[in-house]
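*Asks:* No letters, just coordinates:
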DNA sequence: ACAATAAACGAACGTTCGTACTATTTTGTC
DNA sequence: GACAAAATAGTACGAACGTTCGTTTATTGT
């Protein structure tokens, strides 16, 4: 099937454009021009703008998982894996996996007050992401690496906040030290909650 | 002058709409409809869409300063004032000062990769905000409330990240506990960096 | 090779966008 | 209350939006 290949190439580009201009700034005409496709030919792959947005979110999710999660799973469960996830996240910002910064941070703020299918999907994926962080934290407790009195939801909240903060400072403020600052904050927080010092 | 009054009422509404739909989702036609003005009548107050966006940012900035900064300045300089700023920020989210969540968090992520006057203004205001946080931290050091080896830029980064994280969790994830989590994280961080325990 | 199917195109739809003009109403001052 | 100025309305424009349609070109399976 050639259509599937075309669809994938459309979505790869759509993810990049959306990370730069937002999911609402992602327009079918512009996307078609950039890919040298006709508007109608591109449109036929999706059927509606909302469908295109949803498909773009799925494609971004795959990239996210591939770049952040899969590599981190190679590390042994417990604190090493949790730290690998954090490292992975920060390097994902530095490497510019999405040209406009973290796709999901941007989408989260863009759609946090816009009910609809798009919001629901973003919320679902962010729930998954925070849930995965919490799971990694719980594993670190089970392995005896982190103190038992740590609240996984609390720590996941804090780590995620530092990630978003790094994205903000790095991309908007052009603060080259942002990533280093986030790393330092993550490390000192985890160091404080370790069982063995 | 009646024009100035009209302009202010336009901007008040523009700030609310932009916090919900973004600065690019803020359209002149829609704004005119909501305010029962003609498109051209409204447009005449600004002269261009970009000017409207810039004026909206200024109006949002005034609201931000009024709601967060001015009340905090009533507290004595040093740790009390720094904590008041943090409290003020979190209550500003809970109170829904902007209907779509923090205007500047949203604008920061919307324009972090879109060069232009709007981005420059947002960057400038965010620099001011982080700078104000750093200043409050330095004052707390000068007053002997915070340890001298604290890096103001590092702590300001962390506090701001927790604020943005709270905004994210509260508005997108509907996490009622988000604000409490942020407060806890802020308090434990400040507690750790105090001179006297 | 050929028919069946899938994919892409081009033109047009109605709507909304931002912006430019001109006309009309409202306001403040003498 | 007349009059200039300021504020608002009205109309129109070209461009871009998402979407639909009928047609043409490529690809596939036999």
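*Replies:* Sure thing, it's come through. In this text the structure is predicted, and so the values were computed from the model without any measurement.
*Asks:* phi, psi of residue A:194?
*Replies:* Per-residue torsions, residue A:194: phi -70, psi 160 (degrees, to the nearest 10).
*Asks:* how close does it get to DNA strand D?
*Replies:* Noted for residue A:194: a distance of 49 Å to DNA strand D, by C-beta to the nearest atom of the strand, to the nearest Å. The way it works is simple: take the backbone N, C-alpha and C, and place the C-beta from them, glycine included.
*Asks:* Tell me the residues of chain A that contact DNA strand D?
*Replies:* When proximity is defined by C-beta under 7 Å from any atom of the strand, chain A lies next to DNA strand D at A:1-2, A:26-30, A:39-40, A:43-44, A:47-50.
*Asks:* got the contact list for the residue of chain A found nearest DNA strand D?
*Replies:* As assessed by C-beta to the nearest atom of the strand, DNA strand D sits closest to residue A:29 within chain A, at 2.7 Å. Residues counted as contacts of residue A:29 (C-beta atoms under 8 Å, 6 or more residues apart in numbering or on different chains) are residue A:39.
*Asks:* chain center to the host helix or strand of it, what's the gap?
*Replies:* Counting by DSSP states H and E, the element that carries residue A:29 is helix A:28-34. Relative to its chain's centre, helix A:28-34 lies at 24 Å (C-alpha atoms, centre = their mean, to the nearest Å).
*Asks:* from the chain's centre, how far out does whichever helix or strand comes after that helix sit?
*Replies:* For helix A:28-34, the succeeding helix or strand toward the C-terminus, using DSSP H and E, is helix A:39-43. Distance, stretch centre to chain centre, for helix A:39-43: 28 Å (C-alpha atoms, centre = their mean).
*Asks:* what about the next helix or strand after helix A:39-43, average pLDDT?
*Replies:* Downstream of helix A:39-43, the next assigned helix or strand under DSSP H and E is helix A:49-64. The pLDDT scores in helix A:49-64 average 97.
*Asks:* between the residues of chain A next to DNA strand D, which has the most around it?
*Replies:* Of all the residues of chain A next to DNA strand D, residue A:26 has the most neighbours under the rule other C-beta atoms under 10 Å in any protein chain shown, reaching 21 neighbours.
*Asks:* for stretch A:91-102, the distance to its chain's centre please.
*Replies:* 9 Å.
*Asks:* go on, stretch A:101-116?
*Replies:* Using C-alpha atoms, centre = their mean, the offset of stretch A:101-116 from its chain centre is 11 Å.
*Asks:* any residue of it up close to chain B?
*Replies:* Yes: judged by C-beta under 8 Å from any C-beta of the partner chain, stretch A:101-116 and chain B are in contact via A:101, A:105-106, A:108-114.
*Asks:* all strands of chain A, in order?
*Replies:* Taking DSSP state E as the criterion, chain A carries no strands.
*Asks:* List the buried residues in the longest helix seen in it.
*Replies:* Secondary structure assigned by DSSP state H gives helix A:117-142 as the longest helix of chain A. By neighbour count with 16 or more other C-beta atoms under 10 Å in any protein chain shown, helix A:117-142 contains the buried residues A:118-119, A:121-123, A:125-126, A:129-130, A:132-134, A:136-141.
*Asks:* need the residues of chain A near DNA strand C, please.
*Replies:* Residues of chain A lying near DNA strand C (C-beta under 7 Å from any atom of the strand): A:1-4, A:6, A:36-42, A:44-45.
*Asks:* how about those, which pair is most distant?
*Replies:* With distances taken as C-beta to C-beta, the most widely separated pair in the residues of chain A next to DNA strand C is A:1 and A:39, at 21.9 Å.
*Asks:* hmm, back to that, filter the residues of stretch A:101-116 next to chain B down to the ones in helices?
*Replies:* Counting by DSSP H, these place A:105-106, A:108-110 in helices.
*Asks:* Would you mind checking those residues for buried ones?
*Replies:* Buried members of these, scored by 16+ other C-beta under 10 Å, are A:105-106, A:108-110.
*Asks:* And those residues, which is closest to DNA strand C?
*Replies:* Of all these, residue A:110 has the smallest distance to DNA strand C: 16.7 Å, by C-beta to the nearest atom of the strand.
*Asks:* these two touch, right, the closest one and residue B:108?
*Replies:* No: in this structure residue A:110 lies outside contact range of residue B:108 using C-beta atoms under 8 Å: 11.6 Å.
*Asks:* got the contact list for the residue nearest to residue A:184 when sequence neighbours are not counted?
*Replies:* The spatially closest residue to residue A:184, leaving aside those adjacent along the chain, is residue B:154, at 6.7 Å (C-beta to C-beta, 6 or more residues apart in numbering or on different chains). By C-beta under 8 Å, 6+ apart, the residues touching residue B:154 are A:181, A:184-185.
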